[in-house]
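Enquirer: Mind folding the following:
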Amino acid sequence: MPDTPDVILECRNLWKVFGNLPGGFADQVTTRAADDIVTDLQATGAVPAIRDVSLDVRRGEILMIMGLSGSGKSTLLRCLSRLVEPSAGAVCFEGQDILTLKDRQLTDLRRNAFGMVFQSFGLLDHLNARDNVAFPLRVQNVPKAERHRRADELLDLVGLGDRKSNFPHELSGGQQQRVSIARSLISDPDLWFLDEPFSALDPLIRRQMQDEFLRLQTTLGKTIVFVTHDFLEAARLGDRIAIMRDGQLVQLGTPRAIILSPADDYVRDFVADVPASRILHVADLVTEGAADGAPQVHLKDPLELAIDHFLSGHEALQVLDDNDLPAGQIRRDDLHVLTGQSAHG
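Expert: Next up, the predicted model:
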């Protein structure tokens, strides 16, 4: 598989089947239709959890993977990191197929290039926050002073510099997850895997952790694969979203593209209750023309702001760019046609 400069991870024709595989399965996936393979597998009682998935992860992006329970989103993440062994296909990190790596090579890759955070915090109860964060370096026999220095830096980064000596039971759920995040960053990974890291937190703490995550990403600029079941979370955090159904990748695109152009009825139903005004921005609906004397909004403003003006009775708004220069207009009628929502309710 060729190495593309802006792609750090790529998977091609990836399958994960639980149960007995037929002979020559790896050859079948390149010569037969996926639907026919699935039918034959199900007839034998095997469960195709991942079905012929191909995608790229671009350097520096946040790729969100989402779907309903049982859709295969967490299994896909585990296949990409090879925590679960794929049944067929290829997964290339920096141009190298990691499915060909031996155990020692895979361990080195996880220690040095991959960071992982899961829904369960996975902290060691007998270690304080600093030693939990430093634990991966302890396994690598890094001197104590050095691992403590690096752990302290990361705890400061996640806002827990004053809790270094606290044990897990002395920390709140959000604080424990911050320790887990700091630990996952201790080896300065090139690729960061997060599997529903905030779903065990209550809504207020979850929102705060999303804010913290965005702040960290602004500072660190990591490449991230992030699993969630919450579309608003995916749209807020992600550059692109991959939507899974029954182990298949049914749509991959920006939050805007998925909202405005769902690939099929499943995706349309999936986002039906998502308030488009919280996902889209003025730039998504701007058109040519002037609305002199009308209230002004900016291209990057959320659509909710425009709706507030429309609810006040305005028919059009003047749109400005980042330099406060005219960039077009946004009209009440365009809002209704493109989002299916009325500014009256």
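Enquirer: what bridges to residue 331?
Expert: Beta-bridge pairing for residue 331 (DSSP bridges): residue 316.
Enquirer: Name all residues that make contact with it.
Expert: Residue 331 makes contact with 287, 291, 315-317 under the criterion Cβ atoms under 8 Å, 6 or more residues apart in numbering. For every residue, glycine as well, the C-beta is placed using N, CA and C.
Enquirer: let's see it at 7 Å
Expert: With contact set as Cβ atoms under 7 Å, 6 or more residues apart in numbering, residue 331 has these partners: 287, 315-316.
Enquirer: Could you measure from residue 39 over to residue 49?
Expert: Applying Cβ to Cβ, to the nearest Å, the value for residue 39 to residue 49 is 16 Å.
Enquirer: okay, the two: which has more neighbours?
Expert: Just comparing residue 39 and residue 49: by other Cβ atoms under 10 Å the higher neighbour count belongs to residue 49, 22 against 11.
Enquirer: Just confirm the more buried one is within a strand.
Expert: Yes: the assignment for residue 49 by DSSP: H, G, I helix; E, B strand; the rest coil puts it in a strand.
Enquirer: Contact partners for it?
Expert: Contacts of residue 49 (Cβ under 7 Å, 6+ apart): 16-18, 72, 75, 247.
Enquirer: shaky segments in this protein?
Expert: Within the chain, the ranges that satisfy pLDDT under 70 run 1-5, 336-345.
Enquirer: change it to 80
Expert: 1-5, 119-121, 200, 276-278, 334-345 (pLDDT under 80).
Enquirer: Doesn't residue 52 belong to a strand?
Expert: Yes: Residue 52 forms part of a strand when assessed by three-state DSSP.
Enquirer: looking at it, it is touching residue 36, isn't it?
Expert: No: assessed by Cβ atoms under 7 Å, residue 52 is found out of contact with residue 36, at 11.2 Å.
Enquirer: More neighbours: the two, which one.
Expert: Between residue 52 and residue 36, counted using other Cβ under 10 Å, the more crowded position is residue 52 (20 against 10).
Enquirer: if I look at the more buried one, how far off is residue 19?
Expert: Residue 52 is 17 Å from residue 19, by Cβ to Cβ.
Enquirer: Tell me, how many residues neighbour residue 103?
Expert: 7.
Enquirer: What of residue 292?
Expert: The number of residues near residue 292, taken as other Cβ under 10 Å, comes to 8.
Enquirer: Nearest spatial neighbour of it, chain-adjacent residues omitted?
Expert: If the residues on either side of it in the chain are set aside, residue 292 comes closest to residue 318, at 6.9 Å by Cβ to Cβ, 6 or more residues apart in numbering.
Enquirer: Could you list every helix and strand in contact with the longest helix seen in the chain?
Expert: When the chain is parsed with DSSP state H, its longest helix is helix 203-220. If you count contacts as 3 or more Cβ pairs under 7 Å, 6 or more residues apart in numbering; DSSP states H and E, helix 203-220 packs onto helix 173-184, helix 231-237.
Enquirer: For the longest one, list every residue counted as buried.
Expert: By neighbour count on 16 or more other Cβ atoms under 10 Å, the buried set for helix 173-184 is 174-184.
Enquirer: Quickly name whichever of these is closest to residue 157.
Expert: Distance ranking of those against residue 157, using Cβ to Cβ, places residue 182 first at 7.0 Å.
Enquirer: Residue 58: how many residues sit nearby?
Expert: The number of residues near residue 58, taken as other Cβ under 10 Å, comes to 16.
Enquirer: err, residue 92, not the other one
Expert: By other Cβ under 10 Å, neighbour count at residue 92 equals 21.
Enquirer: what's it sitting at in phi/psi?
Expert: Per-residue torsions, residue 92: phi -110, psi 130 (degrees, to the nearest 10).
Enquirer: hang on, the earlier thing: out of the contacts of residue 331, who has the most neighbours?
Expert: In terms of neighbours by other Cβ under 10 Å, the contacts of residue 331 top out with residue 316 at 21 neighbours.
Enquirer: CSV for the helices and strands packed on helix 203-220, including distance to residue 128?
Expert: CSV is the format used below for these (distance: least, Cβ to Cβ, whole Å):
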stretch, distance to residue 128
helix 173-184, 9
helix 231-237, 29
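Enquirer: Can you identify each of the strands in the protein by residue range?
Expert: 7-18, 47-58, 62-67, 88-93, 96-97, 114-118, 191-195, 223-227, 240-245, 248-253, 296-298, 316-320, 326-331 (DSSP state E).
Enquirer: Export those as TSV, with columns for distance to residue 208.
Expert: Formatted as TSV, those follow (distance: least, Cβ to Cβ, whole Å):
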stretch	distance to residue 208
strand 7-18	29
strand 47-58	27
strand 62-67	18
strand 88-93	32
strand 96-97	38
strand 114-118	16
strand 191-195	16
strand 223-227	17
strand 240-245	22
strand 248-253	28
strand 296-298	26
strand 316-320	31
strand 326-331	32
